[in-house]
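In: Kindly generate the corresponding structure for this input.
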Amino acid sequence: MQALIYDGQKVQAVNHLEEPQPAKGEVVIQSHRMGVCATDLEICRGYMGFAGVLGHEFVGTVEQANGAKESRRWVGKRVVGSINCVCAQCDLCRRGLGEHCRDRTVLGIVGRDGCFAERFVLPANNLIEVPDSIDDDHAVFTEPLAAALQIIRQLTIEGRPYITVLGDGRLGLLCTQVLAQQNATVRCVGKHLSKLALCEKWGVKHRQLEDVGMRADQDIVVDCTGSPDGLVTAMNMVRPRGKIVLKTTVAAGPLGDHIDLSPLVVNEIELIGSRCGPFSEALMALGTGSVDVLSLISRRVKLADGVEALQAASSPDVIKILLEP
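Out: Numbers count the residues shown, from 1 in each chain. Next up, the predicted model:
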């Protein structure tokens, strides 16, 4: 079986991986499309100390199931799925915070092989069926779009606040579209004119970072830069008692370990971490076409060429790379 693996030192494409064996309550999914994410790139720089099959954005078909009737009913269905695999027994799970389960594994990120393979396993409880009206190219964006939608779950947006989305990459552009549909004045700030041009298409304000004054006048700043610099910039942009939503996850490094956080205290800024979001709402948005994802696809690459795909995903002119078996 073909797969894209990070062994803790390097990424390699293999064609001899053993077929996955589902535990009780799990299913085997055949991959149709897989999306390369900034988190995948950070994992290859040491983030989370992960080693194994990469990948957590997917759409695929359930091939087999191990378990009761509830699991077997998924066989033959086209699905996406939550990346957090939980125990359902710890205190956080019992409080409805399963995504923060103390014993969770996370697809392609923590303790569980990911989806950059011809087949992979996931608990049946994590699955959501994809309607026939949503094709694979749209469905593969369910996970990152859900992450963008999580922001409006965490914030109360009223009084038409000024919101800046920092970062013109794949997640930044999704967050920009989601927030632009709220009662707010939204702009996307980035470094790449070719990417920011999509905001013109969507009728959203946009500026290059070098042209933006740091006037501490934004009510909300969403950091999607994927860089430790993003938080520093956000603290310079947001007004006193404003809010920063942090979407960036980066591997530890000298810069990330030495950020001056005193502005959070001095200016009484609220810092909100934001991670996974509602898959059902994301699928609904994809089905109605309220979010443009096809414009984000820069390239399609075969899984066998996945090493080159990860390298290309780091290029400034690339937004989203999709892998296909």
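
In: Which secondary structure element of the protein has the lowest mean pLDDT?
Out: In the chain, no helix or strand scores lower on mean pLDDT, DSSP states H and E than helix 69-72, which sits at a mean of 78.

In: Could you list the low-confidence segments of the stretch 151-300 of the chain?
Out: Within the stretch 151-300 of the chain, the ranges that satisfy pLDDT under 70 run 252-257.

In: Swap in 90 and give it another go.
Out: Within the stretch 151-300 of the chain, the set of residues satisfying pLDDT under 90 comprises 213, 226-228, 248-260.

In: Now the least confident helix or strand of the chain: buried residues?
Out: Ser71 (16 or more other C-beta atoms under 10 Å). All C-beta spots, glycine's among them, are computed from the backbone N, C-alpha and C.

In: Ok, stretch 46-66 next?
Out: Neighbour-count burial for stretch 46-66 flags 47, 50, 52-62, 64-66 (criterion: 16+ other C-beta under 10 Å).

In: With stretch 174-182 instead?
Out: For stretch 174-182, the neighbour count (16+ other C-beta under 10 Å) marks Leu174, Cys175, Thr176, Gln177, Val178, Leu179, Ala180, Gln182 as buried.

In: other SSEs contacting the host helix or strand of the second one?
Out: So the one you mean is Cys175. Cys175 belongs to helix 170-180 when assigned by DSSP states H and E. The contact analysis (3 or more C-beta pairs under 8 Å, 6 or more residues apart in numbering; DSSP states H and E) places helix 170-180 against helix 142-154, strand 162-166, strand 185-190, helix 193-202, strand 218-223.

In: Could you say which one of these comes nearest to Ala3?
Out: Among the helices and strands packed on helix 170-180, helix 142-154 comes nearest to Ala3, with 18.9 Å by C-beta to C-beta.

In: between the closest one and strand 218-223, how many degrees?
Out: Orientation check (axes from the mean of the first three to the mean of the last three C-alpha atoms, to 10 degrees): helix 142-154 against strand 218-223 gives 150 degrees.

In: And helix 142-154, what's buried?
Out: For helix 142-154, burial by neighbour count (16+ other C-beta under 10 Å) applies to Thr142, Glu143, Pro144, Leu145, Ala146, Ala147, Ala148, Leu149, Gln150, Ile151, Ile152.

In: nearest to Arg241, of the buried residues of stretch 46-66?
Out: The nearest member of the buried residues of stretch 46-66 to Arg241, counting by C-beta to C-beta, is Tyr47 at 31.6 Å.

In: How much space separates the closest residue to that closest one other than its chain neighbours from Cys85?
Out: With sequence-adjacent residues excluded and distances taken as C-beta to C-beta, 6 or more residues apart in numbering, Tyr47 is closest to Ala251, at 4.1 Å. As judged by C-beta to C-beta, to the nearest Å, Ala251 and Cys85 stand 23 Å apart.
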